[in-house]
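A.B. asks: Structure of the sequence below:
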Amino acid sequence: MRLHVRGRGLPDGEPVEWWVVDGRLSAEPVAGAETVFGADSDRGWILPGLVDAHCHVGLGPQGPIELDEAVAQAETERGAGALLLRDAGSPTDTRAFDDRPDLPRIIRAGRHLARPKRYQRGFAAELDDPWQLPEAVAAQARWGDGWVKLVGDWIDRETGDLAPLWSDDVLDAAIDAAHANGARVTAHVFSEEALPGLITAGIDCIEHGTGLTADTIDLMVEYGTALVPTLINIENFPDIAEQAHRFPAYQKHMRALYETCAERIGAAHEAGVPIFAGTDAGSAVAHGRIADEVDALKGIGMTPTEALGAACWDAREWLRRPGFAHGASADLVCYAEDPRAGAGVLADPTVVMLRGVVY
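C.D. replies: Next up, the predicted model:
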């Protein structure tokens, strides 16, 4: 099938025109192509497929789910235009989805890596000895798609508050092991205390980052560490705190992190920390909400174009996946109105094309 689209692209707003042959983009005109978007004018908007950079396909509220449910999650993301997903930890093996041309592309980080009883039950591979972490990281690096996911902090029931899971020397060895096996590393981090050791060990990304301070923001800039703040998931912090009646220090801490989140993430953006859009869909957040996360990024000071780039062309470059290029996979989303206008427009693309097939 030969297809044709035309409209305007971003971030520059200039006219763009692409042809599609055998699921690939062509910058050269192709005879006999059917125009599926922009037949009457070039006033619509065409983007590479959206990116959810923190999305758990194969994870449910209680942990692993059946593959048919995971397929439904992926289909929901496709419907929202999210065609590239960084799966930041899942207990379900979804590698069979790579043979499904109808499902979004998934960049897998394998299993979360945590200590016993230091993360949500059923989610993580739990290590009895912290010095098992370097070997476990290397194994996950070989299994996954270029990323490994650590649990950097979680509630310590003995102290009654958030606390790091790993010592600095363990982190140094583990992150070195990931890099030696060709993978980047990211970590779940809510609190302040876990951040310095992770950043100075060379971690590539921080998830959530609600505990950022001026000092750790400076460290992120120095080390080139990226941030995926999952802002729509942070909205769950008050409910999480409310349920933790046995741990008043933890309750107070989570509420404080929630109240200061916008200020801290905004300061990271102002300082130049690279920020990308991720929803944390899969347990407490429903799939298909990347448009809401883009809107939330505007609330911490990103311009509409910056916020959309964090879920599109900039995120693709960071994840080392192509956007629009001659010969690249024809994964695109088209909008009749400017997708920077808000979640109501961004969440409802006129055309979703994945591997050259229109959905």
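
A.B. asks: show me the contacts for the closest residue to residue 61 other than its chain neighbours.
C.D. replies: Using CB to CB, 6 or more residues apart in numbering and skipping residues adjacent in sequence, the residue nearest residue 61 is residue 283, 5.1 Å away. In this view, the C-beta of every residue, glycine as well, is placed from N, C-alpha and C. Residue 283 sits next to 56, 59-61, 120, 123 when contact means CB atoms under 8 Å, 6 or more residues apart in numbering.

A.B. asks: In strands only, show me these.
C.D. replies: Judged by DSSP state E, the subset of the contacts of residue 283 located in strands is 59-60.

A.B. asks: of all the contacts of residue 283, which comes closest to residue 251?
C.D. replies: Distance to residue 251 across the contacts of residue 283 (CB to CB) is lowest for residue 120, with 17.6 Å.

A.B. asks: what's the neighbour count on the closest one?
C.D. replies: The number of residues packed around residue 120, counting by other CB atoms under 10 Å, is 16.

A.B. asks: before we move on, what SS does the residue nearest to residue 61 have?
C.D. replies: Following DSSP: H, G, I helix; E, B strand; the rest coil, we place residue 283 in the coil state.

A.B. asks: how much space is there between the residue nearest the centre of the chain and residue 174?
C.D. replies: Per CA atoms, centre = their mean, the C-alpha nearest to the average position across the chain is that of residue 53, at 1.5 Å. Distance, residue 53 to residue 174, by CB to CB, to the nearest Å: 22 Å.

A.B. asks: and what of residue 76?
C.D. replies: In terms of CB to CB, residue 76 sits 33 Å off from residue 174.

A.B. asks: More neighbours: which of those two?
C.D. replies: Shown here are residue 76 and residue 174; by other CB under 10 Å, residue 174 has more neighbours (26 against 17).

A.B. asks: pLDDT score for that one?
C.D. replies: Residue 174 carries a pLDDT value of 98.

A.B. asks: Report the buried residues of the helix or strand containing it.
C.D. replies: Residue 174 is part of helix 168-180, with elements assigned from DSSP states H and E. By 16 or more other CB atoms under 10 Å, the buried positions in helix 168-180 come out as 170-179.
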